[in-house]
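A.B. asks: Provided below are the primary sequence and the corresponding predicted coordinates.
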Amino acid sequence: MVKGAGCLSILFLIVSMMPLQGNENDLFPASVRGWVLAPEAEIFIRENLYEYIDGAAELYISYGFEKLFTRLYLQAGHPEITVDLFDMGGPGNAFGIFAHSQEDPAKEIGQDSEYLDGLLRFWQGRYYVSLLCSPETPESRLALMALGRRLAENMPPAAVWPRALALLPPTGLLAASIRFFHHHAWQNTYVFLSSENILDIGPDHEAILAKYDQGEQRPVVMLVLYADIAAAERAFASLCSKFHLPAKEGEAVESADKKYFAAALEKKVVAAVWHGGGAEQALRLLAVLREKIAAFEK
Amino acid sequence: MKKKTISRRKFIKDGVVALAAGSLALAWPGTHGAQTPGKTRVVLIRDQDVLDESGVVKVDVVQKMLDEALRTLLDEKETTTAWKKIIRPTDVVGIKSNVWRSLPTPPQLEEAIRRGVLAAGVKAENISVRDRGVLNDPVFMKATALVNVRPLRTHDWSGLGTCIKNYIMFVPDPPRYHPDSCADLATLWQLPEVKGKTRLNILVMLTPLFHSVGPHGFNPSYVWKYNGLLVGLDPVAVDATGARIIQAKRREFFGEDRPINPPPKHIGLADTRHHLGTADPNKIELIKLGGQDGILI
């Protein structure tokens, strides 16, 4: 055990001391608006990400995290800028981790970006980037935006958004509410589904949550795309059992929080709706989802 | 069109914590010991003057808050008598704090606690205030009593950083407790360094963080001046009460139900699975002191 631990420690040491390889090294501009890139670089992998961001590491791992490159930018008399460049292994994961906490995104930098009080986040291709400068100053805000743009210009070009997002009907969709994930920890983001992984959400399946604007109501939609129909059928049966959905289609169930819940299995997709406006509205939205799924599969 | 109603009991039938969106109902079967018959007491004290204009904690105000909360918790008229009720002069006391850089336990509160412990007759050399490094701290390693204190904040994996979670530094390998969104953090309280030693829990609600964003979690847009302390003997009851406040703040801020994400299941499971305390609000006697404006609970 001690020997194994020693080998692991050596691995971590080697990785953390590695010069940034290839493209990642070239991504960081030497300076921006008076802030200069510090020479030290840190690299973290799954096994030691915890040392950098404690328990938050599990969040990134749940979205397929592969590697983190961390650099600092310094300017005398100003707070430092911390740049965390996450290699998320693919654009779906990069979008997913960005969307995980989006509230008011813009298309200003990268494929989506968001700025809030000293923190700039954006994603592009397989990378998710966080630029932090606190406390915020007028100069630091300009520097963050300029640095973000330069990084995005240096990064590989934009990739397509996850194809599954096309399943979301556009009418009334609150785009900032979209969540895209592969881990059941995030299934309760809007409505409590379960403490357990009752839908078998995992790396091979894509899960989507979104809210819609329907006047006074903000229904929640969930879609889970499975690799095979057997997995989809098992998950749907589990969902029906949990929420006491009758086997017969076209029925909605009222839950303790007065929302109406309806769900369906369409091809390899489990679709679910929570609607505070009534059973009919829940089923209507579910029908629209099913039409999109049927057309998508074709 | 047929409608069916699922009863609340059925909805949470297996007793697993359900942090239902829109209402903080940590529902669970089972009971645990109460300070007063049938109920566990938690004191929430608030003072709008606890922070100065720069946001720095005022020493005298936070001392006054802690003293009054403790007296109320223990039904005592005198502060020193209250401290002596939970701390003996022969105790070796570890004050387990929290140094998370963006929202640490205020040093002014740490000092207020230390003063209370000294007033109970404990020798200065038998008191230590630590977070990381408790396993190397000689006072903590021979401690007979612990005071558990930390600010409440959202956490990307456990849902909330709580009193229950604050003992994670008593293990050399904290990630071992991460599975299932840190569901079994309550088992930390069975560690020999900890078991049976906690005399007081203080959840700092001066400027709680109610939403996390970015890899470092903290953003000033998502803290607010609640100006409070939650104090209790039962860490589960204290945390459950704090969670309700955070849930209410999220609803207020976002203008709609936004459940704590992920749900802090470790709080309810600390009750139902590990019997560390009670998370059931019906079994918590919440005493509110100070300002009621914006209390959210």
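C.D. replies: Perfect, I can see it now.
A.B. asks: all helices of the stretch 1-150 of chain A, in order?
C.D. replies: Under the criterion DSSP state H, counting those that start in this stretch, the stretch 1-150 of chain A contains helices at A:2-17, A:22-27, A:50-53, A:57-62, A:91-99, A:138-154.
A.B. asks: do the stretch 151-298 of chain A as well
C.D. replies: A:229-243, A:279-297.
A.B. asks: low pLDDT regions in chain A?
C.D. replies: A:1-23, A:247-248, A:297-298 (pLDDT under 70).
A.B. asks: one more pass at 80, please.
C.D. replies: Applying pLDDT under 80 to chain A flags the ranges A:1-23, A:25, A:247-250, A:256, A:297-298.
A.B. asks: can you give the domain ranges for it?
C.D. replies: Domain assignment for chain A, taken from automatic domain parsing, gives A:2-154, A:163-297.
A.B. asks: check whether the last one contacts chain B.
C.D. replies: Yes - looking at domain A:163-297 against chain B by C-beta under 8 Å from any C-beta of the partner chain, the contacts come from A:185-186, A:188-192, A:194-196, A:218, A:243-244, A:246, A:250-257, A:260, A:279-280, A:283. Where you see a C-beta, it was placed from the backbone N, CA and C, and this is true even at glycine.
A.B. asks: of those residues, just the buried ones, PyMOL syntax please.
C.D. replies: Only the buried members of those enter the following PyMOL selection, criterion being 16 or more other C-beta atoms under 10 Å in any protein chain shown:
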select buried, chain A and resi 185+186+188+189+190+191+192+194+195+218+243+251+252+253+254+255+256+257+260+279+283
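A.B. asks: if you look at the residues of domain A:163-297 next to chain B, which of them are in strands?
C.D. replies: With DSSP state E as the criterion, strands contain A:253, A:254, A:260 from among these.
A.B. asks: now residue B:128, what's its secondary structure?
C.D. replies: The three-state label given to residue B:128 by DSSP: H, G, I helix; E, B strand; the rest coil is strand.
A.B. asks: can I get the helices of the stretch 151-298 of chain A in TSV with distance to residue A:165?
C.D. replies: Shown next, in TSV, are the helices of the stretch 151-298 of chain A (distance: least, C-beta to C-beta, whole Å):
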stretch	distance to residue A:165
helix A:229-243	19
helix A:279-297	11
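A.B. asks: wait, which of those is closest to residue B:142?
C.D. replies: helix A:229-243 (49.2 Å; C-beta to C-beta).
A.B. asks: which other residues reach that closest one?
C.D. replies: With contacts defined as C-beta atoms under 8 Å, 6 or more residues apart in numbering or on different chains, helix A:229-243 is touched by A:193-194, A:198-200, A:205, A:224, A:226, A:245-247, A:253, A:255, A:261, A:263-265, A:267-270, A:272, B:6.
A.B. asks: now, of those, which are buried?
C.D. replies: Counted by 16+ other C-beta under 10 Å, these give A:193-194, A:198-200, A:205, A:224, A:226, A:245, A:253, A:255, A:261, A:263-265, A:268-270, A:272, B:6 as buried.
A.B. asks: for chain B, what spans make up the helices?
C.D. replies: Taking DSSP state H as the test, the helices found in chain B are B:8-11, B:59-74, B:79-86, B:107-119, B:138-141, B:179-182, B:235-254, B:265-272.
A.B. asks: residue B:71 touches residue B:84, doesn't it?
C.D. replies: No - Residue B:71 lies out of contact with residue B:84 (C-beta atoms under 8 Å); the separation is 12.0 Å.
A.B. asks: show me what contacts residue 70?
C.D. replies: As the question left the chain open, I've gone with chain A. Residue A:70 makes contact with A:41, A:42, A:43, A:44, A:52, A:82, A:83, A:84, A:85, according to C-beta under 8 Å, 6+ apart.
A.B. asks: chain B, not that one
C.D. replies: Residue B:70 sits in contact with B:76, B:79, B:82, B:83, B:116, B:200, B:231, where contact means C-beta under 8 Å, 6+ apart.
A.B. asks: so how far is residue B:237 from the spatially closest residue to the last one that is not a sequence neighbour?
C.D. replies: Counting by C-beta to C-beta, 6 or more residues apart in numbering or on different chains, residue B:69 is the residue found nearest to residue B:231 once chain neighbours are left out, at 4.2 Å. As judged by C-beta to C-beta, to the nearest Å, residue B:69 and residue B:237 stand 14 Å apart.
A.B. asks: next: residue B:282.
C.D. replies: Distance, residue B:282 to residue B:237, using C-beta to C-beta: 11 Å.
A.B. asks: okay, those two: which has more neighbours?
C.D. replies: Set residue B:282 next to residue B:237 and count neighbours by other C-beta atoms under 10 Å in any protein chain shown: residue B:237 wins out with 33 against 9.
A.B. asks: and that one, what pLDDT?
C.D. replies: For residue B:237, the pLDDT comes out at 98.
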